[in-house]
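K.L.:
pasting the sequence and the predicted model now:
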Amino acid sequence: MSAEESGKSAELRFTRDMFRAAVFDDIGSEDIGYTNYSYWRSTIRTFFKSMVVRVMVVIVIAIILMSFIYPILSKTDPRALTTNTAEWNLRPSADHWFGTDTIGRDIWARAWYGTRNSFLLAFVIACSDIGLGAIMGALWGYSKKADVVMVEVYNVITNVPSTVYLVLLAYIMGTSYLTLFISMASRGWIVEARFFRNRILSIRDNEYNIASKCLGTPVRRIATKNIIPHIISLIIMETALCVPYSISSEVFLSFIGVGMPVDAITLGNIVNHGRSSFTMHPYQMLLPTIILCMVTISFYIIGNKFADASDPKNHI
Amino acid sequence: MENKIIFSARNVEIDFNLRGKHLKAIRKASLDLFEGETFAIVGESGSGKTVFTKSFIGMTDKNGRVTGGELLFHGEDLAEYETEAQWLKVRGKKIAMIFQDPMTSLNPVRTIGEQISEVFTWHLDATHEEAKAKSIDLLKRVGINDAELRYGQYPQQFSGGMRQRVVIAIAIACRPEILICDEPTTALDVTVQAQILELIKSLQKELKMTVVYITHDLGVVAKIADRIGVMYAGQIIEFGNCHDIFKNPFHPYTKALLKSLPQLGTKGRDLYSIRGTPPSLYKEIEGDAFAPRNPQAMLIDFKAEPPLYKLSETHYAKSWLMHPMAQDYLKQITASESLATHHKEPTQSPGATDSASGDILVSVKNLTVKFKLNNKEFRAVDNVSFDIYKGETLSLVGESGSGKTTIGRALMKIYQNVEGEIRYKGSPITGRLDRRRMRNLRMEMQMIFQDPMASLNERAKIDYIISEGLHNHKLYLDEADRLRKVEQIMEEVGLNKDFVSRFPHEFSGGQRQRIGIARSLVMNPEFIVADEPISALDVSIRAQVLNLLNKLKKERNLTYLFIAHDLSVVKLFSDRIAVIYEGKLVELASCDEIFRHPLHPYTKSLLSAVPYPDPDFEKDKELLVYNPAIHNYQKDKPVWEELVNGHFVYGNQHELEIYRKELMIS
């Protein structure tokens, strides 16, 4: 009856009292020990764990702040052109930090005004794409009847090259913010809708949704309580990814000449303008291109990293 | 049994890093494996049995690592291995492992043959022709017919049991010295499970391997195990040979586990159930991990961890009851235990049947549910008819894919495309119903789901989950009334009412299942479809949930349609049992009748496949395998007929004649 007594128990002094029955504790027996895990806290923690993400978030915030504060504080008029040829194509100096363009406008000022405008445009487009996409995607995913129709709509919209109707629209309506918005928003939502439809399809037949159905929960409450909390992180992620996409589309459309009117100050126009004089004065393109790259790259990385962080599998 | 130790794990400790916390998954577990034996590790989910054995082949998950102890194999300490290259010499070649789910362990885009012969060409430098010949040989050995033909097929052309055979073939291709089987049959049907167990047993004898068999179900291992180790909270708390554990269990946990097996219960009585819930990794464990759940625990169990005591040459247990000072107490509890078993005898089953009245609550006639799969239509449920009487429990037993869940969901009106007629309280409920009627139905009929992990919304609090039905039907006066109702039902299912503001992930499987039960009972329904409510639960929790369901039935006068895949579970508290095979009911009779006079060959095979936790009984039990090809329904069409009062069977006139004779004789 001897035993290999472990070190810990050898220290303990045994008394007969210890070998008596203990009182059974009902609550204690149910205590499994639990973690104070919270989905959102863990998502944000995992998200900010990465150094790259922190740097990118700082860059994005800095650029956004700058683009909104600069136009308020600065007295430089980004549209102020001059007939004085001595003021044209100036190299960077104390007066003009990044020089002036071919008609003497200050590039530093134009770049920030342009960033602000491009941002606003991209943000409006992202909101409309994701908003419309999520709602339509939910209907598409939930209703079997809608599915047939929506698949065809999706095929038609995505199979017509967007540049074709963009060029048409630009000719009919003339180039403006509205034209650009209509042309981009008319197409982006369907791609998002399909993305959300696939996600909702995989959530829809989960047992807890069937349980809600058995309990007689109305569809509206199933949507707000069972579906949306599970896709909200996807909505954030898609919005983050949509912003750089919209900005670069705007640049591309300006490049092929169907984007914004020439007098509008957007990143696309500035880059395009700088490009025409690139061989003579390469610095004119420098600043807007750097901002453009930083914005698109950081938004892209932030979006992807957020997607990773929002997956519970990565919460370790 | 040879006495040469082939593998020895000593005081193994494994830590996990989870969100900045150190969790001890394995707390000094030790185990010796003898050459050529079958060692079964039995434990609940979360007891660390998989983590422990995975460490034998260096496969701890990326955030876990072995922090202490030794893994001695042929004189080498595997715990000191650092590189993959070192592990590759052992993993697969010397020690192989089979995992739980045969659906995910095979590559779906490569043929079975490629996947097996790869082992020979990789590890044994065989040529392609040699490898092919050897693979076909191996396929035959694991019991796959037409091995030459099967060699060129893809995994999706194999059934679950066949795939597990292929996985076993791959694992034994290198002739490993140790084969670790991690719950190889948990994902399979009962009848297939029995066949796989036989296969593992015969292979072990033939190849003289050492087999480690991991399972959560004590009932399964009686057949194959030479020795058994019981694991709880990251430790092996008792081990001994098969007889020691089944006939003379010593540790309170092992005893309780054995007692709570549904196979051993008596009809009409509550099953013995272990109270409480197994600890998760987050719980700080002090003393004996089982003490909080052990009604006979001693004070010392809460203070210090018991050492490993030797009971006999083969039998060891970690329990303070072996301490010299505990002998008086031990005598006391053994005396009270034997008294309890004596006391049990005279109470003959008060009969669950009494509660059933003659009124039909639900009546199903010619129910057919069709699904479309890849544009092909198939009948998940095919022309099924039965009645459910008020106050009874009708159990529906069948394998996965037999359509039993579909029937349950059709009754709950989850599918639109239902043919046939379902009547509830005499009026039909198929087709479109008006709003008010639908509302009433949703209040009177409820469902309990199989998987407690999937059936609760992870992003909602318990409070909302339980009161969802109250919200939907406005069954409360004000906020306080609602909360009172929620707390009342939580108490009824045995949950602490302080849990209302927690989220589902903070609960264990059994607790989550009780939350699911509370959710469906809060509206006072009359009829409940219980869809395999215990099959996803641990053995020690099953009895709790079964008892709870039974208690609620009596108190609230409920009627159950109880869906299960295993006859042993339903034996205890069903009034009648219906057996379903591939969408058709094959037999329906009262519970006693089915067990005494099973007629249909499928029912017989189901009965023989139930693992019984007694090594003497199991080791020479003969397994009946059902082969649907024995029926010849070409000319003589089968019918669903009542042979004697209440005993229905499916068969053609010729078969029915034989069944009648069988009934006459018995």
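P.N.:
That came through, no problem. Keep in mind the model is a prediction, meaning the values are calculated, not measured. Numbering: from 1, shown residues only, chains lettered A, B, ... in the order given.
K.L.:
from here on, contacts and neighbour counts on C-alpha atoms
P.N.:
Will do.
K.L.:
can you tell me how far B:L258 is from B:A29?
P.N.:
For B:L258, the distance to B:A29 equals 22 Å [Cα to Cα, to the nearest Å].
K.L.:
pLDDT value on whatever residue of the stretch 351-500 of chain B ends up closest to chain A, please?
P.N.:
Closest residue of the stretch 351-500 of chain B to chain A, Cα to the nearest Cα: B:S455 (4.1 Å). On pLDDT, B:S455 comes in at 90.
K.L.:
correct me, but it touches A:Y208?
P.N.:
Yes: in this structure, B:S455 is within contact of A:Y208 by Cα atoms under 8 Å, at 4.1 Å.
K.L.:
between those two, which is the more surrounded one?
P.N.:
A:Y208 (24 against 21; other Cα atoms under 10 Å in any protein chain shown).
K.L.:
secondary structure element for that one?
P.N.:
In the assignment (DSSP states H and E), A:Y208 maps to helix A:207-214.
K.L.:
pLDDT averaged over that helix, what's the number?
P.N.:
On average, helix A:207-214 scores 90.
K.L.:
for it, packing partners?
P.N.:
Contacts defined by 3 or more Cα pairs under 8 Å, 6 or more residues apart in numbering or on different chains; DSSP states H and E place helix A:207-214 against strand B:445-448.
K.L.:
center of chain B - which residue?
P.N.:
Centroid-nearest residue in chain B: B:S535, 4.8 Å away (criterion: Cα atoms, centre = their mean).
K.L.:
that residue - nearest residue in space that isn't next to it in sequence?
P.N.:
Using Cα to Cα, 6 or more residues apart in numbering or on different chains and skipping the chain neighbours, the partner closest in space to B:S535 is B:Q450 (6.9 Å).
K.L.:
counting neighbours, what do you get for whichever residue of the stretch 51-200 of chain B sits closest to chain A?
P.N.:
Using Cα to the nearest Cα, the single residue of the stretch 51-200 of chain B nearest to chain A is B:N63, 7.9 Å away. Burial of B:N63, expressed as a neighbour count using other Cα under 10 Å, amounts to 11.
K.L.:
now do B:I448
P.N.:
For B:I448, using other Cα under 10 Å, the count is 24.
K.L.:
show me what it bridges to in the sheet.
P.N.:
With DSSP bridges as the criterion, B:I448 is bridged to B:A530.
K.L.:
read off the pLDDT value for it.
P.N.:
Looking at B:I448, its pLDDT stands at 93.
K.L.:
got a list of what it touches?
P.N.:
Contact partners of B:I448, counting by Cα atoms under 8 Å, 6 or more residues apart in numbering or on different chains, are B:516-517, B:520, B:528-531, B:533.
K.L.:
what's the answer for A:F181, then?
P.N.:
If a contact means Cα under 8 Å, 6+ apart, then A:F181 has A:121, A:125 as its contacts.
K.L.:
which element, helix or strand, includes it?
P.N.:
Per DSSP H and E: helix A:177-204 holds A:F181.
K.L.:
count of neighbours near the closest residue to B:S574 other than its chain neighbours?
P.N.:
Nearest residue to B:S574, sequence neighbours excluded (Cα to Cα, 6+ apart): B:T393, at 4.9 Å. Counted with other Cα under 10 Å, the neighbours of B:T393 add up to 28.
K.L.:
returning to that earlier point: against chain A, how distant is the residue nearest to the centre of chain B?
P.N.:
In this structure, B:S535 and chain A are 15 Å apart, going by Cα to the nearest Cα, to the nearest Å.
K.L.:
now that residue, what's its secondary structure?
P.N.:
coil (DSSP: H, G, I helix; E, B strand; the rest coil).
K.L.:
quick one: residues contacting it.
P.N.:
B:S535 sits next to B:450, B:542, B:564 when contact means Cα under 8 Å, 6+ apart.
K.L.:
now, those that are in helices?
P.N.:
Under the assignment DSSP state H, these contribute B:R542 to helices.
K.L.:
most neighbours, which of the contacts of B:S535?
P.N.:
Within the contacts of B:S535, most neighbours by other Cα under 10 Å means B:A564, with 25 neighbours.
K.L.:
I figured it hits B:S402, correct?
P.N.:
No: in this structure B:A564 lies outside contact range of B:S402 using Cα under 8 Å: 11.1 Å.
K.L.:
does B:I116 touch B:A169 like I think?
P.N.:
Yes: at 7.4 Å, B:I116 counts as touching B:A169 under the criterion of Cα under 8 Å.
K.L.:
residues from the stretch 201-316 of chain A in reach of chain B?
P.N.:
Counting by Cα under 8 Å from any Cα of the partner chain, the positions of the stretch 201-316 of chain A adjacent to chain B are A:206-218, A:225-226, A:229-230, A:315-316.
K.L.:
got a ChimeraX select line for the buried ones in these?
P.N.:
Only the buried entries of those go into this ChimeraX selection, using 16 or more other Cα atoms under 10 Å in any protein chain shown:
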select /A:207,208,209,210,211,212,213,214,215,216,217,226,230,315
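K.L.:
got the CA coordinates for stretch B:187-207 in CSV?
P.N.:
Below are the C-alpha coordinates for stretch B:187-207, written out as CSV (Å, rounded to 0.1, in the frame of the first residue of the first chain):
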residue,chain,number,x,y,z
ALA,B,187,-18.1,9.9,-36.5
LEU,B,188,-19.5,6.6,-37.8
ASP,B,189,-22.7,4.8,-37.4
VAL,B,190,-23.1,2.2,-34.7
THR,B,191,-23.1,-0.8,-37.0
VAL,B,192,-20.1,0.5,-38.9
GLN,B,193,-18.4,1.3,-35.6
ALA,B,194,-18.6,-2.4,-34.5
GLN,B,195,-17.1,-3.5,-37.8
ILE,B,196,-14.1,-1.0,-37.5
LEU,B,197,-13.5,-2.2,-34.0
GLU,B,198,-13.3,-5.8,-35.2
LEU,B,199,-10.9,-4.7,-37.9
ILE,B,200,-8.6,-2.9,-35.6
LYS,B,201,-8.6,-5.9,-33.3
SER,B,202,-7.8,-8.4,-36.0
LEU,B,203,-5.0,-6.2,-37.5
GLN,B,204,-3.4,-5.7,-34.1
LYS,B,205,-3.2,-9.5,-33.7
GLU,B,206,-2.0,-10.1,-37.2
LEU,B,207,0.7,-7.4,-37.2
